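> Sequence and predicted structure are below.
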Number of protein chains: 2
Amino acid sequence: MFAAAERHLEALPGGHPCQGCEVRDKAVCGVLDRGELAQFKSLGWTLKLSRGQTLFHEGDPVTRVFTLTTGTLKLYKLLSDGRRQVTGFMYPGDFLGMSVDDEHAFSAEAIEDAQLCWFPRTRFDDFVEEHAPMERELYRMAAHELAAAQQQMVLLGRKTAAERLASFLLILARRSEQLPGGPVDLVRLPMSRSDIADYLGVTKETVSRVISAFRRDRMIRLRAIDEVEIADRGCLEQLADCAG
Amino acid sequence: MFAAAERHLEALPGGHPCQGCEVRDKAVCGVLDRGELAQFKSLGWTLKLSRGQTLFHEGDPVTRVFTLTTGTLKLYKLLSDGRRQVTGFMYPGDFLGMSVDDEHAFSAEAIEDAQLCWFPRTRFDDFVEEHAPMERELYRMAAHELAAAQQQMVLLGRKTAAERLASFLLILARRSEQLPGGPVDLVRLPMSRSDIADYLGVTKETVSRVISAFRRDRMIRLRAIDEVEIADRGCLEQLADCAG
DNA sequence: CCTATCCGATGATCCACGTCATTTGCTCGA
DNA sequence: TCGAGCAAATGACGTGGATCATCGGATAGG
């Protein structure tokens, strides 16, 4: 199953541990001190994925855990007739490896070329067991993801198509604000219209139509097909319903 | 805010720690040994809620954490115009208190009379910090809830009304199977049709209509308005799409 | 450079479910 | 026992977004 990915396997580079890693303060390993990090690093490897490559499938046994360092992934679940629900997108610094019953709950696929650190799961678990701050950080991340998932339930269960798109653009905008630098009202959309549709529980046609409508109403401008400028954030926020 | 609830405050009963507590093996305190449990117990209180009473509102500061011991709660989020999304139901043994930014992410209300143990949050956090197995259990529970939330996203984003109802009935059936005793194909519905509707992202009329259709098709029987007998589980499972 | 392919945009039509209105039936208090 | 009040069921009708079909424009491979 990992044949394509394994070709890119290599040990973490030597020298200073994780030197130059740009996501270390965001990632789960950010809670470790220099010595712990060296020890942690020795358990891990790196891996590259090309756009379109699958990292794992829903139902696969969880033998490894990952931290995404560059690129973007989509996470999704399928119904037996092919209907897809994208449950989230992963950005640099995000952790992949929480599970129940040692099975992946979703599939993960690169939507841009990506690089990851990975660790054999049993070794990772052993390490975590001996480093309480890391355990705490994992719990904190899980609670955070859970809150985001509940927010997404409101979107999927109760919002109109326009409200869903507005919420989505604002989520991306807030995320890009957390990365320092770069204009805050310019949002990149590395994923396809289909991916957005499957994330928002609508069809790709509806995504296209709502984006066109936002454009007509001067709420957004399209710098490129994958680059949106937020022109009237207040209006989008009102649509998205920030209270919910 | 808690005026009504506080009237029912009382210290945990003395004598043997949490003696007779029927949810101890399911709840987060189940990982503690007898001595730890006595210490833990001394931090906590009990509280009763009547049907319809609110435990806390979305946005309230998280000053206390809870374990539900009897009864059922619904958790929900509101949009500013009153649209409601029920994000989950809580049953005996479930833990309430995960949060981001020390704010409750949802409101919690009793749909049946309920009893809870509660703990001041800071003391609970301190205790957890010194008891790694409990921290691990909380993480395990969070991962479990996250998987359930992702499953719910598939339901809300991609399933038809009939598929949603079928999934819902099967979730309840599986849950009632975990409690030993009682016929497995008899499911109690303590929540109203409106609550079910707001959980499944449909209207209460649609819930009524689909239940009637399932009845016509002999997939279920109604023993009472709040008691469903699963008559053709295979058919429901096919509808719900167990693969997803 | 040309052409096949894919993605996105957009129009025409349809239908699952929402909305609104009415009826049924249960619960509880007088 | 009766009737007020409310939840659930059901019917009639409307509509937001799905489906299906077409077209334009970017990209890649020959």
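Happy to help now that I have it.

> Dig out what the residue nearest the centre of chain A forms beta bridges with.
By Cα atoms, centre = their mean, chain A has its centre lying nearest to A:Met90, at 1.1 Å. Note on A:Met90: beta-bridge partners by DSSP bridges are A:Leu73.

> what sits against it?
Shown in contact with A:Met90 (Cβ atoms under 8 Å, 6 or more residues apart in numbering or on different chains): A:Leu68, A:Thr72, A:Leu73, A:Lys74, A:Leu75, A:Leu96, A:Ala108. For the C-beta atoms, the positions are set from N, CA and C on the backbone; glycine is no exception.

> Among the residues you listed, which one is most surrounded by other residues?
Most neighbours among those, by other Cβ atoms under 10 Å in any protein chain shown: A:Leu73, with 27 neighbours.

> and that one, how far is that from B:Leu116?
Applying Cβ to Cβ, to the nearest Å, the value for A:Leu73 to B:Leu116 is 39 Å.

> Run a quick neighbour tally on the residue nearest to A:Ile225 when sequence neighbours are not counted.
Closest residue in space to A:Ile225, ignoring its immediate chain neighbours: A:Leu189 at 8.0 Å, by Cβ to Cβ, 6 or more residues apart in numbering or on different chains. When neighbours are counted by other Cβ under 10 Å, A:Leu189 registers 19.

> Go ahead and name everything in contact with stretch A:135-150.
Identification of contacts with stretch A:135-150 by Cβ under 8 Å, 6+ apart yields A:28, A:30-31, A:87-88, A:95, A:98, A:128-129, B:77, B:87, B:98-100, B:105-106, B:129, B:132, B:135-136, B:138-139, B:142-143, B:145-146, B:149-150, B:152-153.

> by contact count, what packs against the host helix or strand of A:Ala162?
Counting by DSSP states H and E, the element that carries A:Ala162 is helix A:161-178. Helix A:161-178 sits against helix A:132-158, strand A:186-188, helix A:193-200, helix A:204-216, strand A:227-230, helix A:233-240, with contacts defined as 3 or more Cβ pairs under 8 Å, 6 or more residues apart in numbering or on different chains; DSSP states H and E.

> which intervals of chain A have sub-threshold pLDDT?
A:1-17, A:180-183, A:243-244 (pLDDT under 70).

> Please repeat the previous calculation with a cut-off of 80.
Along chain A, the parts satisfying pLDDT under 80 run over A:1-20, A:178-184, A:242-244.

> Any part of stretch A:23-39 near chain B?
No - figure legend: stretch A:23-39 not in contact with chain B (Cβ under 8 Å from any Cβ of the partner chain); closest approach 12.1 Å.

> Tell me which residues of that stretch come out buried.
A:Val23, A:Arg24, A:Lys26, A:Ala27, A:Val28, A:Cys29, A:Gly30, A:Val31, A:Leu32, A:Glu36, A:Leu37 (16 or more other Cβ atoms under 10 Å in any protein chain shown).

> Could you verify that the third one is part of a strand?
It stands for A:Lys26. No - applying DSSP: H, G, I helix; E, B strand; the rest coil, one finds A:Lys26 to be coil, outside a strand.

> got the contact list for it?
A:Pro92, A:Gly93.

> From A:Gly52, how far out is it?
Going from A:Lys26 to A:Gly52 by Cβ to Cβ gives 25 Å.

> Does A:Trp118 lie in a helix or a strand, and which?
strand A:114-120.

> any idea how far DNA strand C is from the residue lying closest to A:Thr63 once chain neighbours are set aside?
For A:Thr63, ignoring the flanking residues on the chain, the nearest one in space by Cβ to Cβ, 6+ apart is A:Arg121 at 5.6 Å. Distance of A:Arg121 to DNA strand C, computed by Cβ to the nearest atom of the strand, to the nearest Å: 32 Å.

> these two touch, right, A:Arg121 and A:Val62?
Yes - in this structure, A:Arg121 is within contact of A:Val62 by Cβ atoms under 8 Å, at 5.6 Å.

> interface residues of chain A facing DNA strand C?
With Cβ under 7 Å from any atom of the strand as the criterion, chain A meets DNA strand C at residues A:Ser192, A:Arg193, A:Ser194, A:Lys204, A:Glu205, A:Val207, A:Ser208, A:Arg209, A:Ile211, A:Ser212, A:Leu222, A:Ile225.

> Most neighbours among those residues, please name it.
Neighbour-wise, the residues of chain A next to DNA strand C (other Cβ under 10 Å) top out at A:Val207, 23 neighbours.

> Report the contact partners of that one.
Counted by Cβ under 8 Å, 6+ apart, A:Val207 has contacts A:Leu165, A:Arg193, A:Ile196, A:Ala197, A:Leu200.

> try it again with 6 Å
Contact partners of A:Val207, counting by Cβ atoms under 6 Å, 6 or more residues apart in numbering or on different chains, are A:Arg193, A:Ile196, A:Ala197.

> now do A:Asp185
Counting by Cβ under 6 Å, 6+ apart, A:Asp185 has contacts A:Glu229, A:Ile230.

> now do 10 Å
A:Ala173, A:Ser176, A:Glu177, A:Ile220, A:Arg221, A:Val228, A:Glu229, A:Ile230, A:Ala231, A:Asp232, A:Arg233 (Cβ atoms under 10 Å, 6 or more residues apart in numbering or on different chains).

> mind checking how far the nearest residue in space to A:Pro92 that is not next to it in sequence is from A:Glu112?
In space, and not counting its chain neighbours, A:Pro92 is closest to A:Val23: 4.6 Å by Cβ to Cβ, 6+ apart. According to Cβ to Cβ, A:Val23 stands 15 Å off from A:Glu112.

> Point out the residues in chain A that sit beside DNA strand D.
A:Thr160, A:Ala161, A:Ala162, A:Gly201, A:Val202, A:Thr203, A:Glu205, A:Thr206.

> Just flag the most distant two among these.
By the measure Cβ to Cβ, A:Thr160 and A:Glu205 form the most distant pair in the residues of chain A next to DNA strand D, at 15.3 Å.

> Mind putting the helices and strands packed on helix A:161-178 into a markdown table with distance to B:Lys41?
Formatted as a markdown table, those follow (distance: least, Cβ to Cβ, whole Å):
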| stretch | distance to B:Lys41 |
| --- | --- |
| helix A:132-158 | 23 |
| strand A:186-188 | 50 |
| helix A:193-200 | 44 |
| helix A:204-216 | 53 |
| strand A:227-230 | 52 |
| helix A:233-240 | 44 |
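
> quick one on the thing from earlier: and the helix holding A:Ala162, how far from the chain's centre?
14 Å (Cα atoms, centre = their mean, to the nearest Å).

> got the angle between that helix and helix A:233-240?
130 degrees (axes from the mean of the first three to the mean of the last three Cα atoms, to 10 degrees).

> sorry, back to before: residues that sit against both of A:Arg121 and A:Val62, list them.
Jointly contacting A:Arg121 and A:Val62 under the rule Cβ under 10 Å, 6+ apart are A:Gly97, A:Ser99, A:Asp102.

> Give me the buried entries from those residues.
A:Gly97, A:Ser99.

> Where helices are concerned, which of the shared contacts of A:Arg121 and A:Val62 count?
Using DSSP state H, no member of these falls in helices.

> Leaving out sequence neighbours, find the closest residue to A:Gly88.
A:Leu75 (4.7 Å).

> First-to-last residue distance for stretch A:123-137?
One end of stretch A:123-137 sits 17 Å from the other (Cα to Cα, to the nearest Å).
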